[in-house]
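Here's a sequence, model it:
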Amino acid sequence: MTYHPHPNGGGLVEDTASVDATAYIGPDARVSGSAQVYGFARVYGHAHVYGHAHVYGTSRVFDYALVSDASRVYGHAHVYGTSRVFDYALVSDASRVYGTARVYGHAQVSGSARVSDTAHVYGNAHVYGHARMSDRSRVYGTARVYGRSHVYGTAHVYGNAQVYDESRVYGTTRVAGNTQVSGTTTVSNHGTMPEFDTLTPSTGGPYRVLCGKDREFVRLDDGKWWALDAQYSEPARATEVEALLCDQIQDLNNNNNGVNQ
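Numbers count the residues shown, from 1 in each chain. Model (predicted):
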């Protein structure tokens, strides 16, 4: 491997890499492999851009951050701390990835989103808008986290789940399937939230929410949600989270179909 100092900053650039004269490569930074840094991007500190990665626009990669493989950092995005962006991940716009965070797979972080601490975004997940991820949280699958929502603690959001508006998901919560958490909802320490499929109001009877293949929730005359198992045995009160989701789905059904309880 043969390196040469970049004229704008003095950082080392491998002869196989491509760096524009307008880009800045700080004295302790490196660009290697087939990586490309162009536009007015800045790579400095002890950062390293390598593989087939592209860093461009007015983006910045600094501290001890690593950007590699076929990933892209562009717009005015910042990647710093000891964070890593790799595989085919995209970090763009005014987003920030820092701490020891990881963005990988085909995941995207965009808008003004923040991914920090030891949070991971991967798979085909997308974190955008003004959303935040922190602590040891995980977002993966094809999940979406956006709006001004915040996922933190050791919470996981995955499958086709969506967390948005000003909602908060934290603790050890697992949000999966097609579940949506929205509004100003706060969900914490409730294990795996069930996948809610449909809401069907039966004629002259209670509203029913079907949950996966083996659970059903009904709203009785007391106004409370009650859970039934597949054999329709003795009902039990729905948990706080289950009841909250049932309420959201009922409201959504009423708005979409004009059905009144």
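
Report pLDDT for the residue sitting nearest the centre point of the chain.
For the chain, Val127 is the residue whose C-alpha lies nearest the centre (CA atoms, centre = their mean; 3.8 Å). We have a pLDDT of 98 for Val127.

SS state for Asn8?
State at Asn8, reduced to three classes by DSSP: H, G, I helix; E, B strand; the rest coil: coil.

one step back: let me know whether the residue nearest to the centre of the chain touches Gln108 as I believe.
Yes - Val127 lies in contact with Gln108 (CB atoms under 8 Å); the separation is 7.4 Å. All C-beta spots, glycine's among them, are computed from the backbone N, C-alpha and C.

joint contacts of these two?
Val121 (CB atoms under 8 Å, 6 or more residues apart in numbering).

if we can go back for a sec, check the gap between the residue nearest to the centre of the chain and Ser134 for me.
11 Å (CB to CB, to the nearest Å).

Also Tyr158?
In terms of CB to CB, Tyr158 sits 17 Å off from Ser134.

Equivalent analysis for Thr82, please.
In terms of CB to CB, Thr82 sits 15 Å off from Ser134.

Name the residue in those two with the higher neighbour count.
More crowded of Thr82 and Ser134, by other CB atoms under 10 Å: Ser134, with 18 against 14.

quick one: contacts for the more buried one?
Here Ser134 is in contact with 99, 114-117, 119, 150-152 (CB under 8 Å, 6+ apart).

I'd like the list of those that fall within strands, please.
Those of these mapping onto strands are 114-115, 150-151, per DSSP state E.

export these to CSV and tack on distance to His6, neighbour count and pLDDT?
Formatted as CSV, the ones in strands among the contacts of Ser134 follow (distance: CB to CB, whole Å; neighbours: other CB atoms under 10 Å; pLDDT from 0 to 100):
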residue, distance to His6, neighbour count, pLDDT
Arg114, 30, 22, 98
Val115, 28, 30, 98
His150, 39, 22, 97
Val151, 38, 30, 97
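
Which of those residues sits closest to Ala94?
Arg114 (9.9 Å; CB to CB).

show me the contacts for that closest one.
Applying CB under 8 Å, 6+ apart, the residues near Arg114 are 95-96, 98, 131-134.

Between all of these, which two are at the greatest distance?
Tyr98 and Ala131 (14.8 Å).

ok, these two, which is more surrounded?
Ala131 (27 against 19).

which residues touch that one?
111, 113-114, 145-151, 163-164.

mind showing which ranges of this protein have poor pLDDT?
Along the chain, the parts satisfying pLDDT under 70 run over 189-223, 225-238, 241-242, 245-261.

domain assignment for it?
1-86, 98-193, 196-257 (automatic domain parsing).

Roughly how far does Ala131 sit from Gly57?
21 Å.

meant to ask about Val181, not that
32 Å.

quick one: which of these two has more around it?
Ranked by neighbour count (other CB under 10 Å), Val181 and Gly57 place Val181 first, with 26 against 18.

who's in contact with the more buried one?
Applying CB under 8 Å, 6+ apart, the residues near Val181 are 149, 161-164, 167, 169, 175, 187.

Likewise for Gly129?
111-113, 146-149, 164.

cutoff 10 Å now
Contacts for Gly129 (CB atoms under 10 Å, 6 or more residues apart in numbering) come out as 95, 110-113, 144-149, 164-165.

Of the residues you listed, keep whichever come out buried.
95, 110-111, 113, 144-147, 149, 164-165 (16 or more other CB atoms under 10 Å).

Adding secondary structure, write the residues you listed out as JSON lines.
Shown next, in JSON lines, are the buried ones among the contacts of Gly129 (three-state DSSP):
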{"residue": "Ser95", "secondary structure": "coil"}
{"residue": "Ser110", "secondary structure": "coil"}
{"residue": "Gly111", "secondary structure": "coil"}
{"residue": "Ala113", "secondary structure": "coil"}
{"residue": "Arg144", "secondary structure": "strand"}
{"residue": "Val145", "secondary structure": "strand"}
{"residue": "Tyr146", "secondary structure": "coil"}
{"residue": "Gly147", "secondary structure": "coil"}
{"residue": "Ser149", "secondary structure": "coil"}
{"residue": "Tyr164", "secondary structure": "coil"}
{"residue": "Asp165", "secondary structure": "coil"}
